[in-house]
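In: Got a predicted model here, sequence first, then my questions.
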Amino acid sequence: MKTRKVFVALFVAVLVAGLFASGVEAAERVKLKIGIVGESYEAIWAPVIKTLAAEGIDIELINFADYMTPNAALDAGELDLNAFQHHAFLNNEIKNKGYRITPIAETFLSAMCLYSKKIKSIKELKEGDKIAFPNEVINQGRSLTVLQGAGLLKLRPEAGLTPDVTDIVENPLKLEFVTVDAAQVASILDDVAAGVINGNYAIDFGLSPAKDSIFYDDLRFYKDNSYVNLIAARTQDADKEVFKKVVRAYQTDEVKQVYHDYFEGSYLPVW
């Protein structure tokens, strides 16, 4: 884990070297604050930051510890953009909290896989085993969708995109479910048989979806783009030209290469 953190830090440092060497006077530079969640986003954004610096746009990444704060910060004007969530999460936040936030670009599908420190295959799960997943409604629903894809349970067809445990109609192993904050699932793997972990947190805990998961996420489990991640802005600012430059700098082959080279199947580009 320490090795991964050091690598990401060095990777970011190298790519953003010469940040102010573009020849644009400091007084003319535009400064943007972008909210993220998880160390992996720092590496992903490093080539974007370098590209934009040459255009006189300086990016400060604000790394939050949880999923609940970045939208509040964006809505309050403490951030210019955020890039940590998928459509389903944002839609639920808007519905429940009234945020005036709008997606301005799509980025990737983050693999949400099943991991274990105790077993090597889902076939080793026993009756009554405990499965951990996030307690937040959207990621809980996605976790249950993944578990259904694994054949471990069956959900009511009419449950929609955000099922909860009351929508389970078949649970042949009588699995027990433990729900905690999404950032904590990986930390309690010693206490459960397995856990469904968001891609960014899996990476932060040194887990490789391609190598360490006992069941891998799949686009076929989902009906639409609800779980595709995005970049978001306040609705009133969504059409700003500077944000269009951010999107252009992000949706590049260079960022795709970062996904491929450093994140081992965690992120699948959608542009």
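Out: Good, I have the coordinates. Numbers count the residues shown, from 1 in each chain.

In: now the stretch 1-150 of the chain, which segments are flagged as low pLDDT?
Out: Scanning the stretch 1-150 of the chain for pLDDT under 70 picks out the ranges 1-27.

In: In it, mark out all the strands, start to finish.
Out: Secondary structure of the stretch 1-150 of the chain (DSSP state E, counting those that start in this stretch): strands at 30-37, 57-64, 81-82, 101-110, 113-115, 130-134.

In: Can you add mean neighbour count and distance to residue 183 and give these back as TSV?
Out: Yep, even glycine has a C-beta here, placed from its N, CA and C like the rest. Formatted as TSV, the strands of the stretch 1-150 of the chain follow (neighbours: other C-beta atoms under 10 Å; distance: least, C-beta to C-beta, whole Å):
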stretch	mean neighbour count	distance to residue 183
strand 30-37	19	8
strand 57-64	18	10
strand 81-82	26	16
strand 101-110	21	14
strand 113-115	25	14
strand 130-134	24	9
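
In: among the ones you listed, which is nearest residue 216?
Out: Closest approach to residue 216 among the strands of the stretch 1-150 of the chain is made by strand 113-115 (5.3 Å; C-beta to C-beta).

In: from the chain's centre, how far out does the closest one sit?
Out: In terms of C-alpha atoms, centre = their mean, to the nearest Å, the centre of strand 113-115 is found 15 Å from the chain centre.

In: export the strands of the stretch 1-150 of the chain to CSV and tack on distance to residue 182?
Out: Listed next are those as CSV, based on distance: least, C-beta to C-beta, whole Å:
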stretch, distance to residue 182
strand 30-37, 9
strand 57-64, 12
strand 81-82, 16
strand 101-110, 11
strand 113-115, 13
strand 130-134, 4
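
In: Which of those strands sits closest to residue 223?
Out: Proximity to residue 223 (C-beta to C-beta) singles out strand 101-110 among the strands of the stretch 1-150 of the chain, at 13.3 Å.

In: strand partners of that closest one, parallel vs antiparallel please.
Out: strand 228-234 (antiparallel), strand 267-269 (antiparallel) (DSSP bridges).

In: can you count the residues close to residue 169?
Out: Neighbour count of residue 169, defined by other C-beta atoms under 10 Å: 11.

In: Mind giving me the packing neighbours of the host helix or strand of it?
Out: Assigned by DSSP states H and E, residue 169 belongs to strand 168-170. On a contact count with 3 or more C-beta pairs under 8 Å, 6 or more residues apart in numbering; DSSP states H and E, strand 168-170 meets strand 154-155.

In: Please compute how far the strand it packs on lies from its chain's middle.
Out: In terms of C-alpha atoms, centre = their mean, the centre of strand 154-155 is found 25 Å from the chain centre.

In: so what does it touch, helix or strand wise?
Out: Helices and strands touching strand 154-155, by 3+ C-beta pairs under 8 Å, 6+ apart, are helix 137-149, strand 168-170.
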